[in-house]
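Compute the structure for the input listed below.
(one chain, ligands or ions: 1)
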Amino acid sequence: MEATQIQVKKQMEEEAQTEVEIWNYIFGFVKMAVLKCAIELGIADAIENHGGPMTLSELSSTLNCAPSNLHRVMRFLVHYQIFKEKPTSQCSIAFEQTPISRRFIKHGQNSMAAFVLLESSPVMLAPWQGLGGRVLANGTSAFDSAHGKDVWAYAAEDAAHSKLINDAMACNARVTVPAVIEGCPEVFDGIGSLVDVGGGNGTALGLLVKAFPWIRGINFDLLHVVCDNEKCDGLEQVGGDMFQSIPMADAAFFMQVLHDWDDDECIQILKNCREAIPKEKGKVIIVETIIEEEEERDKLKFVRLMLDMVMMAHTRKGKERTLKEWDYVLRQAGFSRYNVKPIHAVQSVIEAFP
Ligand SMILES: C[S@@+](CC[C@H](N)C(=O)[O-])C[C@H]1O[C@@H](n2cnc3c(N)ncnc32)[C@H](O)[C@@H]1O
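You can find the predicted model right below:
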């Protein structure tokens, strides 16, 4: 092939790929919307309860919906390999579970269904309309513009939304905390008491106390959150404001809390934390995203960048941080020494010492 022919072929391939990408951007939300619909209908739950693949008529009668519409939803989900088609002995087609669909069973192991329901809720989608405004005004929160208050004040007044947040955080904790336990168990050696600051419904701390039974767990969150929490063996529930003070413990644990706040706020929270832990042997364990500045660490880099945009949409001044930015925050808060431990998760573990 001549050089010009090669160039023309390359250009045509690029144009075709561009066309694919453009349509992905235009209708990117459709995947999330159809997944939300599948979770609300309970499609994965129905197939799991059935104990094996289900035909369209079995599925539509179980879900009590029109087969014609369900067929279109299933065709879409099969195209994206969320479910698989399997021929039956009666020459029809049945739908079977995949590793992806199993993650969307409502109460299944490692289920991420609650996270989809939170992020696709009208409350969390509305702020995205104001992202440009936030960038231009540099500081006007997109969430505040949409709802007139910040996400935590909103949750304090709307019990259903608060539950949506806590359930989503809990399903994420069930995936992330085992990666922490497996990736760096030594971090928890010698800790007699651990306060989980912004611990939500206590799922993360419950898993930690189960894995390290010598730890006495204190789950600390806003009063309205801990008041709604179910009693959990081995956990003390304490309500309060981390900007005021943090309950005393040998160590403090923060998972996806500091990314909700700007540097000055994080420094304030971490200074309060220094007051709560012993000067000599105390430590802070932070489970957060670290944005890599140079080489890509792994396939999850895009999630970290997306999470940073989520912080821009959903918090006032929160952000995902590079290592340099974490270094600044920790040093300003008086933590002289820290280790970073990569784990098999979107987040890393930062162990910091006063
Ligand atoms: C993104 S969630 C993280 C929950 C939990 N650490 C996890 O990863 O599953 C942030 C948590 O911080 C809590 N929070 C917000 N403001 C707080 C404050 N001023 N004092 C204590 N907790 C607060 C919220 O109620 C929420 O549970």
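
Helix, strand, or coil at the residue lying closest to Met124 once chain neighbours are set aside?
Excluding the flanking residues, the one nearest Met124 by Cβ to Cβ, 6 or more residues apart in numbering is Leu118, at 6.0 Å. C-beta coordinates here come from the backbone N, C-alpha and C atoms, glycine included. When classified by DSSP: H, G, I helix; E, B strand; the rest coil, Leu118 comes out as helix.

these two touch, right, Leu118 and Ser162?
No - contact criterion Cβ atoms under 8 Å: Leu118 and Ser162 do not qualify, at 10.8 Å.

Which strands or helices does the one helix or strand Ser60 maps to pack on?
Here Ser60, judged by DSSP states H and E, is contained in helix 56-63. Counting by 3 or more Cβ pairs under 8 Å, 6 or more residues apart in numbering; DSSP states H and E, the packing neighbours recorded for helix 56-63 are helix 43-50, helix 67-79, strand 93-96.

Go through those and name the closest to the ligand.
helix 43-50 (22.9 Å; Cβ to the nearest ligand atom).

Looking at the chain, which residue is nearest the ligand?
Taking Cβ to the nearest ligand atom, the chain has Gly198 as its residue nearest the ligand, at 2.9 Å.

hang on, that residue packs against Phe254?
Yes - if you go by Cβ under 8 Å, Gly198 and Phe254 touch, sitting 6.6 Å apart.

What does the pLDDT read for Arg316?
At Arg316, the predicted lDDT confidence score is 92.

quick check, it in a helix?
No - counting by three-state DSSP, Arg316 is not part of a helix but coil.

The helix holding Ser60: how far from the chain's middle?
32 Å (Cα atoms, centre = their mean, to the nearest Å).

Also stretch 155-168?
On Cα atoms, centre = their mean, the centre of stretch 155-168 falls 15 Å from the chain's centre.

Next, Trp261: phi, psi?
Here is the backbone geometry of Trp261 (degrees, to the nearest 10): phi -130, psi 160.

what about Val8, neighbour count?
The tally of other residues near Val8 (other Cβ atoms under 10 Å) stands at 12.

Find the helix or strand that it is a member of.
helix 3-26.

ok, and what's touching that helix?
Residues outside helix 3-26 that contact it (Cβ atoms under 8 Å, 6 or more residues apart in numbering) are Met1.

Could you number the chain from 53 rather than 1 from now on?
OK, 53 is where the count begins now, so the last one is helix 55-78.

which parts of the protein sit against the ligand?
The chain comes close to the ligand at residues 204, 221, 224-225, 250-252, 256, 273-274, 277, 293-295, 307-309, 312, as judged by Cβ under 6 Å from any ligand atom.

what about stretch 147-161, start to end distance?
Length of stretch 147-161, first residue to last, Cα to Cα, to the nearest Å: 20 Å.

Next, the residues that contact it from outside, please.
Under Cβ under 8 Å, 6+ apart, the answer for stretch 147-161 is 87, 90-91, 94-97, 99-100, 104-108, 111, 126, 129-130, 133-138, 162-166, 168.

what's the answer for stretch 353-373, then?
171, 176, 179-180, 182-183, 186-187, 191, 193-196, 202-203, 311-314, 317, 340-344, 377, 381, 398.

Which members of these are positioned in strands?
Among the contacts of stretch 353-373, the members found in strands (DSSP state E) are Glu340, Ile342, Ile343.

ok, back up a step: I'd like the helices and strands packed on helix 108-115 laid out as a markdown table, including mean pLDDT.
Shown next, in a markdown table, are those (pLDDT from 0 to 100):
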| stretch | mean pLDDT |
| --- | --- |
| helix 95-102 | 98 |
| helix 119-131 | 97 |
| strand 145-148 | 96 |
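
And those: which comes nearest Ser245?
helix 95-102 (38.7 Å; Cβ to Cβ).

Give me the angle between that closest one and helix 119-131.
Computed by axes from the mean of the first three to the mean of the last three Cα atoms, to 10 degrees, the angle separating helix 95-102 from helix 119-131 equals 100 degrees.

between helix 95-102 and helix 108-115, how big is the angle?
Using the same axes, to 10 degrees: helix 95-102 against helix 108-115 is 100 degrees.
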